[in-house]
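Asks: Here is my input, please return the structure:
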Amino acid sequence: MRRLALCVWLIATTALTSAAFAFDNGQYDHVPPDIRAWFKSVIAPNGVPCCDISDGRRTEYDVRNGAYWVPIEGQWMEVPERAIIRDQGNPVGQAVVWYVHHRGAIIISCFVPADAV
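Replies: Residues are numbered from 1 along each chain as shown. Have a look, this model is predicted:
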């Protein structure tokens with residue numbers, strides 16, 4: 001229940017800041033149930049759920065001076081340590097980043113490297 005409330009809060013916050021966010025209007029129907037379940041189960045180290053398959057974006061990434069960097073909307077951004085998820089596996093084989101727009105800034109809420117275990 002708490003996880004659902006946090007996800008609803010995150011989506012509401014995003015909507016109130018006039019940000020466009022993804023949603024599943026059928027484009028993810030071909031995704032296997034185990035992958036869909038993984039997207040729904042991923043939780044950041046601070047306990048905040050990353051939400052759903054429509055919110056996560058597959059991405060390339062780079063490691064610079066021990067920190068992960070991802071391209072978001074044409075610019076490379078450093079992934080904050082609080083967003084890195086290393087212990088929930090990664091069945092998609094590519095890195096995944098979850099982010100929102102908030103007050104003119106891009107906030108990375110979750111990041112799973114391609115090789116997460």
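
Asks: Only C-alpha atoms from now on, for both contacts and neighbour counts.
Replies: Fine.

Asks: And the spatially most central residue of the chain, how close does it get to I107?
Replies: Closest residue to the average C-alpha location of the chain: W98 at 2.0 Å, with C-alpha atoms, centre = their mean. W98 is 9 Å from I107, where distance means C-alpha to C-alpha, to the nearest Å.

Asks: Overlap of the contact sets of the two?
Replies: The contact sets of W98 and I107 do not overlap (C-alpha atoms under 8 Å, 6 or more residues apart in numbering).

Asks: what about the closest residue to A83 other than its chain neighbours, which SS state?
Replies: Of all residues not flanking A83 in the chain, C110 sits nearest, at 4.3 Å (C-alpha to C-alpha, 6 or more residues apart in numbering). Under DSSP: H, G, I helix; E, B strand; the rest coil, the three-state class of C110 is strand.

Asks: C110 - how many residues pack around it?
Replies: When neighbours are counted by other C-alpha atoms under 10 Å, C110 registers 26.

Asks: right, and it touches W98 too?
Replies: Yes. Contact criterion C-alpha atoms under 8 Å: C110 and W98 qualify, at 5.0 Å.

Asks: who touches both of the two?
Replies: Residues touching both C110 and W98 (C-alpha under 8 Å, 6+ apart) are C50.

Asks: Quick one: the strands in this structure, in order.
Replies: Here the chain has its strands, by DSSP state E, at 56-59, 62-64, 67-72, 75-78, 95-102, 105-112.

Asks: pLDDT score for R2?
Replies: Looking at R2, its pLDDT stands at 46.

Asks: Pull the distance from stretch 86-103 to the chain's centre.
Replies: Mean C-alpha position of stretch 86-103 versus that of the full chain (C-alpha atoms, centre = their mean, to the nearest Å) differs by 4 Å.

Asks: if I pick V96, what's in contact with it?
Replies: By C-alpha under 8 Å, 6+ apart, the neighbours of V96 are G56, R57, R58, T59, F111, V112, P113, A114.
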